[in-house]
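K.L.:
Sequence and predicted model, in that order:
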Amino acid sequence: MGHLAEIAPDAGARIGGLIDAERRRGRGAVSKRSGRFEKETREEIDDGWGALGTLDALKTNIHVEKPRSIITKNDSRDISFDRSINPYRGCEHGCVYCFARPTHAYMGLSPGLDFETEIFVKDGAAQILERELSAPNYVPKMIAIGSNTDPYQPAERRHRVMRSILEVLARAKHPVGIVTKSALVLRDLDLLAPMAEQGLVKVALSVTTLDPRLARIMEPRAATPERRLDAIEKLAAAGVPVAVMTAPIIPAVNDEEIETILTRAHAAGAREAGYIMLRLPLELRDIFSEWLVANFPDKARRALSLVRSTRGGKIYDAAFGKRMTGDGPYAWMIGRRFEVASKRLGFSQTRLRTDLFEPPRRAPQQLALF
């Protein structure tokens, strides 16, 4: 397999410290690499006495978070929305390439396996959203949900945070764009279909590959590719505008599938499409690199070389205008392939309405005597 530092010297990663395969079965990352804010780096290492063999398989732990606010604002010039909601921190889907992983470092946890096993539920999100939407100076624009962690990940079946948020948005006639990898989105068709009739919602299904084996390696607890295509078909049949996200494009791993994914998604009913080149910020560069070497040792050197070619020779470049699509000949080729296929299939943009917005009624407040 070779030393990872020889393959990706700028990543500063190494093979040591990988969690036993049986313990992490069904997980994406291969280690609990410490976050960037930790003073100490800790790893599990087999000392030869068999101690690690007695450890139980990794389990998902749910933590309740009490947020003060729920709508996150941004001023990024290269994304189509200026506000978003994340019902959860962390994501059990385990997508190894997820660029939200480094946010777990703020919690003192590993962006690796902790990101997909230590899940934070935002308790009271719907009530906070109602308060923020009812603010006198609030101006409605599309809220993006799923741009960071998946709102329909497994924890949603029990905690229903996304459902409660969607109920508030439906009552307020507020536009929302949803991105997910989960067929659980179909549970909320009773809300999504009426909102779609009013031009208030669109849903994007992220389809990274049509190969179920590859999907299991890249995103072990997400819905299978066929279930995602089925969700596209059922959403479209219910009148909900559907997009397909071929994201991320991973060089030498799933880049050959762009046209096939777009074709299958369009046939299922998707009418909008987008793509994002692989992004490896902060800890993700090491997490992804060690995963790549562990699962695709024969492709690792070429894949990381192509990644650098899209980022000016570095493993990542966060510059606006380039971070989503990359730069250089390989990135240009990917962009042209996507554009040609999208034009041939007839993909277009869906615009949502903001003029129907009705602010939630604020709870009556007692008047001050003085």
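P.N.:
Perfect, I can see it now. For clarity, every value in this text was computed on a predicted model and none was experimentally measured. Residues are numbered from 1 along each chain as shown.

K.L.:
May I see the buried residues of stretch 244-264?
P.N.:
Residues of stretch 244-264 classed as buried by neighbour count (16 or more other Cβ atoms under 10 Å): 244-255, 257-259, 261-262, 264. Every residue, glycine included, has its C-beta placed from N, CA and C.

K.L.:
Pretty sure M245 sits in a strand.
P.N.:
Yes: assigned with DSSP: H, G, I helix; E, B strand; the rest coil, M245 falls within a strand.

K.L.:
Please name the bridge partners of it.
P.N.:
S206, G274 (DSSP bridges).

K.L.:
could you list every residue that touches it?
P.N.:
Shown in contact with M245 (Cβ atoms under 8 Å, 6 or more residues apart in numbering): V179, A204, L205, S206, V207, A273, G274, Y275, I276.

K.L.:
what do you get for Y106?
P.N.:
By Cβ under 8 Å, 6+ apart, Y106 lies in contact with G35, F37.

K.L.:
What spatial separation is found between the residue lying closest to Y97 once chain neighbours are set aside and V242?
P.N.:
Once flanking residues are discounted, Y97 sits nearest to P248: 5.4 Å by Cβ to Cβ, 6 or more residues apart in numbering. Relative to V242, P248 is positioned 20 Å away (Cβ to Cβ, to the nearest Å).

K.L.:
swap in S134?
P.N.:
Distance, S134 to V242, by Cβ to Cβ: 31 Å.

K.L.:
who's more crowded, the two?
P.N.:
V242 (25 against 14; other Cβ atoms under 10 Å).

K.L.:
if I look at that one, how far off is K32?
P.N.:
Here the criterion is Cβ to Cβ. By it, V242 lies 37 Å from K32.

K.L.:
again, but for E156
P.N.:
Counting by Cβ to Cβ - E156 and K32 are separated by 25 Å.

K.L.:
and if you look at E197?
P.N.:
Taken as Cβ to Cβ, the span from E197 to K32 is 47 Å.

K.L.:
How about I261?
P.N.:
Applying Cβ to Cβ to I261 and K32 gives a distance of 32 Å.

K.L.:
Could I get the contacting residues of the nearest residue to M142 once chain neighbours are set aside?
P.N.:
With sequence-adjacent residues excluded and distances taken as Cβ to Cβ, 6+ apart, M142 is closest to P175, at 4.4 Å. By Cβ under 8 Å, 6+ apart, the contact set of P175 is P140, K141, M142, I143, G199, L200, V201, L352, R353, T354.
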